Each structure stands twice: as structure tokens, then as C-alpha cells.
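1. please work out how this folds:
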Amino acid sequence: MSRTSLIRTALVAGAAASALLLSGCVAGEGQAAEPAPSTESGSLEGQTLAIDFATYNPLSLVIKDQGWLEDAGLEVTWVQSAGSNKANEALRAGAIEVGSTAGSAALLARSNTSPIQVIDLFSQPEWAALVTVDGTGISSVADLKGKQVAATKGTDPYFFLLQSLEAEGLQASDITVQNLQHADGWAALQNGSVQAWAGLDPIMAGAEEQGASLFFRNVDFNSYGFLNATEDFIQNKPEVAQAVVDAYEHARQWAEENPEETAQILADVAGLDLAVATKVIDERTNLDIDHVPGDAQIAVLEKIGPIFVELGDVASQQQVDEALASIVNDTFAAKADASRFE
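-> Numbers count the residues shown, from 1 in each chain. From the prediction side, this is the model:
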């Protein structure tokens, strides 16, 4: 199959997500072989948890803001992820035990031997699009030929860019990609270093408010948000893993019942105007999904995997196949109990 055919087939759902600002740490702030044991809130007393929060994952912000995990007795260290790539780095380094990425970012990491599994799905957003500003001469994907484009490789916006190019008969070699973290990509577009940016919310929504134009959108090119955990954490702290997933499902219900408060939390963390945060929550974040990872996500990843091999990001298809066979752990999501945090 040709490279363009692979991209046409594979990037239906895009790839890894990402977010806002540099990573920071705030203190205090395969299927499972066997089901995790049942949990009682008292069993969490004194146990530790290192988990990320990210502006591209509103549920993480709600959980952190509401303090449910701490109220359950956990000693929590919150680490901010600037993007899927940063979350994957932190998971591999052991800086966090649970981190949020887009699905293809998780597959890319596991294909390259990172011992992570997806234990829950947090959203199916429209978080990526192609962005430009006045004076660049860009109004369509076709106009990108020969131009400089900012994108964070290994993330949903980057794969959104590749799919967009293919849809117009262009290839990655027809443009020059500046590999920048998302916030830096928007800055590069503002200062004229690039003519377009493969953007990510909520930075992208803020850019719109400052006059940027989303000249190409396609919700089908965006992927699910994966909540990933290290295998060591899953095996040694199953009761904590269950508490995390339970908290996520309670946060989902809370966010759907309290969209204005959710938008305010996002605005406060991301430094956005409330109107911008409201647009992200109301228009571009789909929380009403089946949160249990499984066949639907694997079907998408099976199409994305060959692209990693063709681009040289993974050494062999065998590595991708082995990752696909072991990346999903639905044990905790299947028995999630949101009511434990009511």
C-alpha cells in the first residue's frame, strides 16, 4: 500500500493530543489477567499517587479542583502535562503513574516499549485544526505548499496536518514542519516564523479570540483521549487505579451537570477568558462517550500503526502488533463506580 493510501486509511481518528504551557509539578495538588480487587475508601489512606492534569483533559482539572482523591485518603502529587508527548515522557520516566494522551500517542509509546496501558477514556474531542493569521496568504490546505508549518510531532495536531495534506493531494515533503510544542507553535505563528500552525485546544480557542483563523477543520481527524497507567502501578496499586477511574467517571457526570463551572475551572487553569473556555467545553469536548476502552479504539489504532513504521517512528510492524494486543486494560473502567465520590 502506498504512503498516501496508508495515510488516507490510517489517520481517520488522528493521533496524540497535547496542551498548554510547560510541564510543571504541583505537590499536594493487553487486557488484565485478573480483575482488580474491590476497594474501600479506608484502604486508600496513606497511599500515594502521581498523576497528571492537562488543559486538554478537562476531567483531570475537575478532579484536581474538587479534591476527591485527596478526600479519599490518597497523598496525591499532580504533574502538569503540556502534551501527549510530555505525558508519555513522564510515564516512561516514572514521574507519574497515570497520564492522559491521545490514543495514537499511547500506541506509539507502547510500540517503543513503554510499559503503559489505557485504563479509561476521558473524551472524544475536536481539539485539533489548522490555524493561520492575516497576512500569511493562507486560506486553504493547498496554500500550504512550500510553507513553514508549526506542529508537535507525535500528537493529534501533527497527524491532523498529515491527513489534511493528503486530502488535498499534498505530502509532508511539500511543507517544512517546525517541530514545536503547542504553545510555542502559536507563538511562532504570531511572530511570523511560520505561516500556519497545527493547533490544539484550548490554546487554539484562545488564538481564535485574538483573530486567528481556523482554515481547515474536520472532526473525524481527531482521536479519543486515553487515560494511561504504568503496568507497575496497575499491578501494585490496583485499588488506587480503581479509585482514579471511579473519580474520572464521577468527574464526567459532574462536568456534564455543571458545564459552566467546568468552563470556569478550565479558564482559571489555562489562563483563558471564560468565553473561550466555554467554547472549548460546549463546542469541542464530547464527554458523552462509552468510557470503556476496547474494540472501537483498537480498530482505529490498527490503521494508524503502519504509519508509525513507514515514518520510522517504530522499527517494525511486529512491535506495533504486540502493542495492539496488550495496550487495553478494561478491568477498571468496566467496573467503575462513580457513586463512591458522591
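2. top strand in this structure by residue count?
-> In the chain, assigned by DSSP state E, the strand with the most residues is strand 116-123.
3. strands of the stretch 151-300 of the chain, start to end?
-> 176-179, 196-200, 213-216, 225-230 (DSSP state E, counting those that start in this stretch).
4. those strands into a markdown table, with extra columns for mean pLDDT and distance to residue 123?
-> All C-beta spots, glycine's among them, are computed from the backbone N, C-alpha and C. Formatted as a markdown table, the strands of the stretch 151-300 of the chain follow (pLDDT from 0 to 100; distance: least, Cβ to Cβ, whole Å):
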| stretch | mean pLDDT | distance to residue 123 |
| --- | --- | --- |
| strand 176-179 | 96 | 25 |
| strand 196-200 | 96 | 13 |
| strand 213-216 | 96 | 19 |
| strand 225-230 | 97 | 4 |
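5. give me whichever of those is most buried.
-> strand 196-200 (a mean of 30; mean count of other Cβ atoms under 10 Å).
6. who touches it?
-> With Cβ atoms under 8 Å, 6 or more residues apart in numbering as the test, strand 196-200 has contacts from 17-19, 56, 83, 127-132, 136, 138, 144, 147-152, 155-158, 160-161, 182, 185-186, 188-189, 207, 212, 214-215.
7. so which of those belong to helices?
-> Of the positions in those, 156-158, 160-161, 182, 185-186, 188-189, 207 sit in helices, assigned by DSSP state H.
8. so which of those residues comes closest to residue 291?
-> residue 156 (18.6 Å; Cβ to Cβ).
9. was I right about the closest one contacting residue 224?
-> No. Using Cβ atoms under 8 Å, residue 156 makes no contact with residue 224, being 9.9 Å away.
10. okay, the two: which has more neighbours?
-> The neighbour comparison of residue 156 against residue 224 (other Cβ atoms under 10 Å) goes to residue 156, with 33 against 26.
11. any idea how far residue 82 is from residue 155?
-> From residue 82 across to residue 155, the span is 10 Å (Cβ to Cβ, to the nearest Å).
12. list the buried ones in stretch 158-175?
-> 158-166, 170, 172, 175 (16 or more other Cβ atoms under 10 Å).
13. what's around residue 326, how many residues?
-> Residue 326 has 14 neighbours, counted by other Cβ under 10 Å.
14. correct me if wrong: it contacts residue 117.
-> Yes. With contact defined as Cβ under 8 Å, residue 326 reaches residue 117; the gap is 7.2 Å.
15. can you redo the strands of the stretch 151-300 of the chain as TSV with distance to residue 296?
-> Listed next are the strands of the stretch 151-300 of the chain as TSV, based on distance: least, Cβ to Cβ, whole Å:
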stretch	distance to residue 296
strand 176-179	30
strand 196-200	23
strand 213-216	25
strand 225-230	12
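16. alpha carbons of the longest strand of the chain, in PDB - could you do that?
-> Taking C-alpha atoms only, strand 116-123 is exported to PDB below (Å, rounded to 0.1, in the frame of the first residue of the first chain):
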ATOM      1  CA  ILE A 116       1.700   1.600  29.700                       C
ATOM      2  CA  GLN A 117      -1.900   0.500  29.200                       C
ATOM      3  CA  VAL A 118      -5.100   2.500  28.700                       C
ATOM      4  CA  ILE A 119      -7.400   2.100  31.700                       C
ATOM      5  CA  ASP A 120     -10.200   4.700  30.800                       C
ATOM      6  CA  LEU A 121     -11.300   7.100  28.000                       C
ATOM      7  CA  PHE A 122     -11.800  10.700  29.100                       C
ATOM      8  CA  SER A 123     -13.300  12.300  25.900                       C
END
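17. so which elements touch that strand?
-> In terms of contacts (3 or more Cβ pairs under 8 Å, 6 or more residues apart in numbering; DSSP states H and E), strand 116-123 is packed against helix 58-66, strand 98-102, helix 103-111, strand 225-230, helix 231-236, helix 238-257, helix 331-334.
18. okay, now the residue lying closest to residue 255 once chain neighbours are set aside: neighbour count?
-> Of all residues not flanking residue 255 in the chain, residue 262 sits nearest, at 4.4 Å (Cβ to Cβ, 6 or more residues apart in numbering). Using other Cβ under 10 Å, residue 262 is surrounded by 26 other residues.
19. which ones are touching residue 262?
-> By Cβ under 8 Å, 6+ apart, the residues touching residue 262 are 58, 61-62, 254-255, 281.
20. which of the residues you listed tops the neighbour count?
-> residue 58 (30 neighbours).
21. circling back to that earlier point, what's the most buried one of the helices and strands packed on strand 116-123?
-> strand 98-102 (a mean of 31).
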